[in-house]
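Colleague: Can you look at this prediction? I've put the sequence above it.
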Amino acid sequence: MCSKPLIKSFAYTAEVIRQQVSEFSPSESLMQPYEGSHSINWLLGHILSSRSFPLKLLGEAQVWDEESRARYRDGSSPVGAEGPGVKPVGELMTLFEVSQDRFVAGLGRMPAERLGEPSGYAGNSVLDSLLYFYFHETYHVGQMTMVAELLGKRAKYLQS
């Protein structure tokens, strides 16, 4: 397997993220459909945080250090307002675009045989790990569309 299907798959989620986030003003991106739920801001930040390991696998620089990631890591409190560690949605989107460019570059340079090597993540190969992180990202992109609808926005999907 070559990396072209992975590049295309991550391009799909990137496009939905771009479209969905563009529907929200900075203040709207912090809104929660109900108390304790995730906002667009947290979901986007969490996707960025989650891209750290795959970027490392691809030999690319991460977009955040551990301190910056902390507010958006798995198990962190939902983001519903500005506060310590909360990044503005515009900054998150800029970092997302940087991470997407690095993903494409790293995948484009990755030799096919590298995909079968151990990744160091849960006993998986590099391919297994990249597929897991793609699944994880699509899960949260789906949440973004649900949050959008709950907040009175239109859910965005890829146009065929």
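Modeller: Sure thing, it's come through.
Colleague: does residue 55 really touch residue 100, like I thought?
Modeller: No. With contact defined as Cβ atoms under 8 Å, residue 55 does not reach residue 100; the gap is 10.4 Å. Quick note: C-beta positions are derived from backbone N, CA and C, even for glycine.
Colleague: list the contacts for the closest residue to residue 56 other than its chain neighbours?
Modeller: In space, and not counting its chain neighbours, residue 56 is closest to residue 62: 6.4 Å by Cβ to Cβ, 6 or more residues apart in numbering. Shown in contact with residue 62 (Cβ atoms under 8 Å, 6 or more residues apart in numbering): 51, 52, 55, 56.
Colleague: now residue 38
Modeller: Neighbours of residue 38 in contact, by Cβ under 8 Å, 6+ apart: 32, 46, 78, 79, 143, 147.
Colleague: do that again at 6 Å, thanks
Modeller: residue 78 (Cβ atoms under 6 Å, 6 or more residues apart in numbering).
Colleague: For it, pull up the helix or strand it's in.
Modeller: Under DSSP states H and E, no helix or strand contains residue 38.
Colleague: again, but for residue 128
Modeller: helix 126-150.
Colleague: what does that helix rub up against?
Modeller: So helix 126-150 is contacted by 6, 9, 13, 16, 20, 33, 40, 43, 47, 50, 54, 57, 114-115, 117, 119, 121, 155 (Cβ under 6 Å, 6+ apart).
Colleague: in that helix, what's buried?
Modeller: Buried residues in helix 126-150, counted by 16 or more other Cβ atoms under 10 Å: 126-134, 136-138, 140-141, 143-145, 147-148.
Colleague: Quick check on the contacts of helix 126-150: which are buried?
Modeller: Looks like the contacts of helix 126-150 have 6, 9, 13, 16, 20, 40, 43, 47, 50, 54, 57, 114-115, 119, 121, 155 buried, using 16+ other Cβ under 10 Å.
Colleague: any idea which of those residues is closest to residue 73?
Modeller: residue 50 (8.5 Å; Cβ to Cβ).
Colleague: quick one: which two of the buried ones among the contacts of helix 126-150 are the most distant?
Modeller: 114 and 155 (36.0 Å).
Colleague: Many thanks, we can stop here.
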